[in-house]
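Enquirer: Structure for the following, please:
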Amino acid sequence: MSAIELSETTASFDVVIIGAGPVGLACAIEAKRRGFTVCVVDKGALVNSLVGYPTNMEFFSTPELLEIGGYPFPTSHYKPLREDALDYYHRVASSEKIPLRLYEAVAGLEGEPGRYEVVTEKGRIACAAVIIATGFYDIPNYLNVPGEDLPHVSHYYKEPYAHVGQPVVVIGAKNSSAKAALQLLRAGAEVTMVVRGAEVSESVKYWIRPDLLNRIAEGRIKAHFSSSVQRVTPDAVEILTPEGPLTLPTSHVYALTGYRPNYALLAALGITTRDDAACTPWHNSDTFETNRPGVYLAGTVCGGLNTSRWFIENGRHHAAVIAAHISPVCTAG
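Expert: As a prediction, this is how the structure comes out:
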């Protein structure tokens with residue numbers, strides 16, 4: 001049995017962290033080391049987003065930038081793989097004996113500062129303060145076109161091996177789409193990209209973008225720029241290009257158009273959203289406290305739709321700031 005401790009269904013803690021990703025774990029460790037009792041709740045697995053990442057995905061960051069709690073991140077790679085990170089964060093959570101309630105969705109937050117109750121599908125958890133570290137990877141930016149719900153359409157890419165010799169359409173041209181298209185090509189798939197913009201995004205990492213541009217120039221990857229998806233059928237994608245409508249035969253569609261925070265959950269927790277382009281969840285940029293006193297945001301969820309603002313490497317530092325600010329709240333509670 002794992003050394004990770006699973007708490008009982010009904011309990012009371014000083015701090016409840018919603019989200020068992022790297023930043024959520026960092027917040028739990030920081031609060032725990034300040035003497036507070038903590039509990040981490042997640043609707044999925046430990047570091048659930050990483051579980052959903054592509055097989056053998058290489059992080060853009062080096063190991064020391066992904067470390068939490070002062071634990072060294074041992075790896076033989078200059079940039080760690082997804083599997084390295086899954087093992088690392090599991091070992092950190094085990095070493096810290098962080099109480100976890102996994103596969104338990106949060107439904108709401110009741111009470112007042114210092115006397116909150118986190119409402120889950122399995123019960124209630126009393127606490128003085130709450131930290132929301134839910135990230136953004138669970139909800140895709142949907143195309144909202146007919147056929148998007150067909151079984152061969154996926155908003156998450158795992159690995160290319162099932163698509164050898166098959167026509168595959170990749171929608172989007174940022175990092176995820178670029179890496180998927182290149183992997184699919186090298187595994188033997190026939191790859192066509194549909195890109196809303198006029199070119200491959202400048203935000204694609206400098207060692208990936210030239211590779212993709214060269215493969216497009218060679219004709220090994222077909223690409224339709226300034227184009228939009230109109231409809232998906234069981235065996236094709238209908239797009240609108242600058243030259244007119246076009247039908248692309250396909251066996252699988254990867255709609256890798258980005259992701260967004262769970263705004264429905266934030267609303268259920270009483271967190272308001274700013275009226276800005278990024279739909280930023282309201283929080284104090286110095287303390288990360290939200291419009292609900294004693295309730296905080298941590299990590300990538302702070303950026304709203306601007307999902308490139310916060311990452312593990314800078315979001316993990318939110319933990320110390322938040323823990324220092326919630327100390328009086330927990331003491332008073």
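
Enquirer: can you give me the helices in the stretch 101-250 of the chain?
Expert: 175-186, 209-218 (DSSP state H, counting those that start in this stretch).

Enquirer: From the contact counts, what lies against the last one?
Expert: Spelled out, it's helix 209-218. For helix 209-218, the packing partners by 3 or more C-beta pairs under 8 Å, 6 or more residues apart in numbering; DSSP states H and E come out as helix 175-186, strand 221-224. (C-beta placed from N, C-alpha, C; glycine too.)

Enquirer: Show me which residues of that helix are buried.
Expert: Of the residues in helix 209-218, 209, 211-213, 215-216 count as buried by neighbour count, 16 or more other C-beta atoms under 10 Å.

Enquirer: Specify the angle between it and helix 175-186 in degrees.
Expert: 50 degrees (axes from the mean of the first three to the mean of the last three C-alpha atoms, to 10 degrees).

Enquirer: Report the contact partners of the spatially most central residue of the chain.
Expert: Geometric centre of the chain, nearest residue: Y137, 2.8 Å, by C-alpha atoms, centre = their mean. Applying C-beta atoms under 8 Å, 6 or more residues apart in numbering, we find Y137 in contact with 49, 52, 259.

Enquirer: do A180 as well
Expert: 54, 157, 160, 170, 254, 256.

Enquirer: Three-state assignment for the first one, please.
Expert: Just to be clear, that refers to P54. At P54 the chain is in coil, as set by DSSP: H, G, I helix; E, B strand; the rest coil.

Enquirer: Check what pLDDT it gets.
Expert: At P54, the model reports a pLDDT of 95.

Enquirer: Could you pull up phi and psi at it?
Expert: Here is the backbone geometry of P54 (degrees, to the nearest 10): phi -60, psi 150.

Enquirer: That one and S227, how far apart?
Expert: Between P54 and S227 the distance is 25 Å, computed by C-beta to C-beta, to the nearest Å.

Enquirer: These two: who's more crowded?
Expert: More crowded of P54 and S227, by other C-beta atoms under 10 Å: S227, with 21 against 17.

Enquirer: so how far is I216 from that one?
Expert: On the measure of C-beta to C-beta, S227 and I216 end up 14 Å apart.

Enquirer: thinking again about what came up before, which one of the contacts of Y137 sits closest to S203?
Expert: When the contacts of Y137 are compared for distance to S203 (C-beta to C-beta), Y259 comes out closest, at 14.9 Å.

Enquirer: what are the ranges of the strands in the stretch 51-200 of the chain?
Expert: Applying DSSP state E, counting those that start in this stretch to the stretch 51-200 of the chain gives strands spanning 100-101, 106-112, 115-120, 123-127, 129-132, 139-140, 153-154, 167-171, 190-194.

Enquirer: contacts for the third one?
Expert: So that's strand 115-120. By C-beta under 8 Å, 6+ apart, strand 115-120 touches 16, 18, 41, 101, 104-111, 124-130, 294-295, 333.

Enquirer: Return a selection command, for use in ChimeraX, containing the buried ones of the contacts of Y137.
Expert: Restricted to buried positions by 16+ other C-beta under 10 Å, the ChimeraX selection for the contacts of Y137 reads:
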select :49,259
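
Enquirer: can you pull the contacts of the nearest residue to R309 once chain neighbours are set aside?
Expert: Distances taken as C-beta to C-beta, 6 or more residues apart in numbering put G303 closest to R309, at 3.7 Å, once the chain neighbours are dropped. For G303, the contacting residues are 136, 278, 280, 309-310, by C-beta under 8 Å, 6+ apart.

Enquirer: One more pass at 7 Å, please.
Expert: Neighbouring residues of G303 by C-beta atoms under 7 Å, 6 or more residues apart in numbering: 278, 280, 309-310.

Enquirer: Give the ChimeraX command for selecting the buried subset of those.
Expert: A single ChimeraX command suffices to select whichever of those are buried according to 16+ other C-beta under 10 Å:
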select :280,310
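
Enquirer: Out of the contacts of G303, the closest to R34 would be?
Expert: Comparing the contacts of G303 against R34 with C-beta to C-beta places W310 closest, at 22.7 Å.

Enquirer: mind checking the end-to-end distance for stretch 192-207?
Expert: End-to-end span of stretch 192-207 (C-alpha to C-alpha, to the nearest Å): 21 Å.

Enquirer: Now tabulate the strands of the stretch 51-200 of the chain in JSON lines and tack on mean pLDDT.
Expert: What follows is the strands of the stretch 51-200 of the chain, written out as JSON lines (pLDDT from 0 to 100):
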{"stretch": "strand 100-101", "mean pLDDT": "97"}
{"stretch": "strand 106-112", "mean pLDDT": "96"}
{"stretch": "strand 115-120", "mean pLDDT": "96"}
{"stretch": "strand 123-127", "mean pLDDT": "95"}
{"stretch": "strand 129-132", "mean pLDDT": "98"}
{"stretch": "strand 139-140", "mean pLDDT": "94"}
{"stretch": "strand 153-154", "mean pLDDT": "98"}
{"stretch": "strand 167-171", "mean pLDDT": "98"}
{"stretch": "strand 190-194", "mean pLDDT": "98"}
